[in-house]
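**Q** Fold the following, please.
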Amino acid sequence: TSPMRAYASVQVIGTDALEGMYDDDEASASWVGETDSRAATDTPQMGVWRIPVHELEANPQATQKFLDDSSINVESWLAENVASKMARTEATAFVTGTGVNKPRGFTTYTDGTSIREQVEQIDTGINGDFPAAPAGGDVLITALYKLKSVYRARASWFMNRATMAATRKEKDSNGAYLWSPGIAAGQPATLLGYSVAPAFEDMADIATGSLSIAVGDMASAYQIVERQGTRVLRDPYSNKPYVGFYTVRRCGGGLINGEAIKLINFQA
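**A** Next up, the predicted model:
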């Protein structure tokens, strides 16, 4: 139900966490004359981010008789259902997860402009809605151009279906819609000239204080980590006459660059 893996960075690892480096500032430089004194300049600050993998498990049960007598392949059917549920569960965590025994969602970070642990929020100026046109479009423009050009060049919009319906109605001062449907089959719609991702159903509906729209370069902003894929242990012994299909996935996720994404907060 969420295309997060198509937009975020995804890394398969052989350990229990992925680490990387970041810098939270830039070095400074200044022009000087031939004989001018050379003072110390600002030094960029370097840090380490760490994203651990967490365990996601399911243990559906079926009797051995049912497995023997069923006209369908029950094991395959159970595996498909568990895989689908796990995919939806992790997709929710990538958006709203707390980070406690699960990935941390990109909408859970505090408001701010620091690269780490913060995502800048732009208020709509009205609780639970867009302001009247054309001010609603102005909010979208502000959020888009808060992004640095390197991230804006690869930016997409992220929202759920209900928010899409509301956003499609936004117009400019001439009464023209800001939303443009895809011009060909398979092409994404655009908003202010930037693609709109397929519906991120785990994002919040529009309400007072909701973070219902994101815009940015998700591949630079968010890192998904997984370990070994999905494993299934068939257990006919622990709970006779039932056969358990103990299924485990290990994955994690978290923000690695808060500058690369902005959130729209529907509040005054």
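**Q** neighbouring contacts of stretch 143-151?
**A** 120, 122, 152, 155, 192, 194, 213, 215-217, 220-221, 259-264 (CB atoms under 8 Å, 6 or more residues apart in numbering). Yep, even glycine has a C-beta here, placed from its N, CA and C like the rest.
**Q** now do 10 Å
**A** 113, 120-122, 124, 152-155, 157, 191-194, 213-221, 257, 259-265 (CB atoms under 10 Å, 6 or more residues apart in numbering).
**Q** out of those residues, which are inside strands?
**A** 120-122, 157, 191, 194, 213-216, 261-265 (DSSP state E).
**Q** returning to what we had before: now a ChimeraX select for only the buried ones of the contacts of stretch 143-151.
**A** The buried subset of these, as determined by 16 or more other CB atoms under 10 Å, is captured in ChimeraX by this line:
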select :120,121,122,124,152,154,155,157,191,192,194,213,214,215,216,217,218,219,220,221,257,259,260,261,262,263,264,265
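**Q** low pLDDT regions in this protein?
**A** 1-2 (pLDDT under 70).
**Q** again, 80 this time
**A** 1-2, 23-26, 182-186 (pLDDT under 80).
**Q** which residue ranges form the strands in it?
**A** With DSSP E as the criterion, the chain has strands spanning 9-13, 17-23, 46-52, 54-58, 61-63, 120-123, 156-158, 179-180, 190-191, 194-195, 211-216, 222-239, 242-255, 261-265.
**Q** Can you say which of these is packed in most?
**A** Of all these, strand 211-216 has the most neighbours on average by mean count of other CB atoms under 10 Å, namely a mean of 27.
**Q** so what strands line up beside that strand?
**A** Its sheet considered, strand 211-216 pairs with strand 156-158 (antiparallel), strand 261-265 (antiparallel) by DSSP bridges.
**Q** circling back to that earlier point, could I get the strands of the chain as JSON lines with distance to Thr96?
**A** Shown next, in JSON lines, are the strands of the chain (distance: least, CB to CB, whole Å):
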{"stretch": "strand 9-13", "distance to Thr96": "19"}
{"stretch": "strand 17-23", "distance to Thr96": "21"}
{"stretch": "strand 46-52", "distance to Thr96": "17"}
{"stretch": "strand 54-58", "distance to Thr96": "15"}
{"stretch": "strand 61-63", "distance to Thr96": "29"}
{"stretch": "strand 120-123", "distance to Thr96": "15"}
{"stretch": "strand 156-158", "distance to Thr96": "13"}
{"stretch": "strand 179-180", "distance to Thr96": "25"}
{"stretch": "strand 190-191", "distance to Thr96": "22"}
{"stretch": "strand 194-195", "distance to Thr96": "23"}
{"stretch": "strand 211-216", "distance to Thr96": "9"}
{"stretch": "strand 222-239", "distance to Thr96": "13"}
{"stretch": "strand 242-255", "distance to Thr96": "11"}
{"stretch": "strand 261-265", "distance to Thr96": "12"}
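**Q** Out of the ones you listed, the one nearest Gly33 is which?
**A** strand 17-23 (29.7 Å; CB to CB).
**Q** which helices and strands does the closest one pack with?
**A** Where contact means 3 or more CB pairs under 10 Å, 6 or more residues apart in numbering; DSSP states H and E, strand 17-23 is packed against strand 9-13, strand 46-52, strand 222-239, strand 242-255.
**Q** if we go to 8 Å?
**A** strand 46-52, strand 222-239 (3 or more CB pairs under 8 Å, 6 or more residues apart in numbering; DSSP states H and E).
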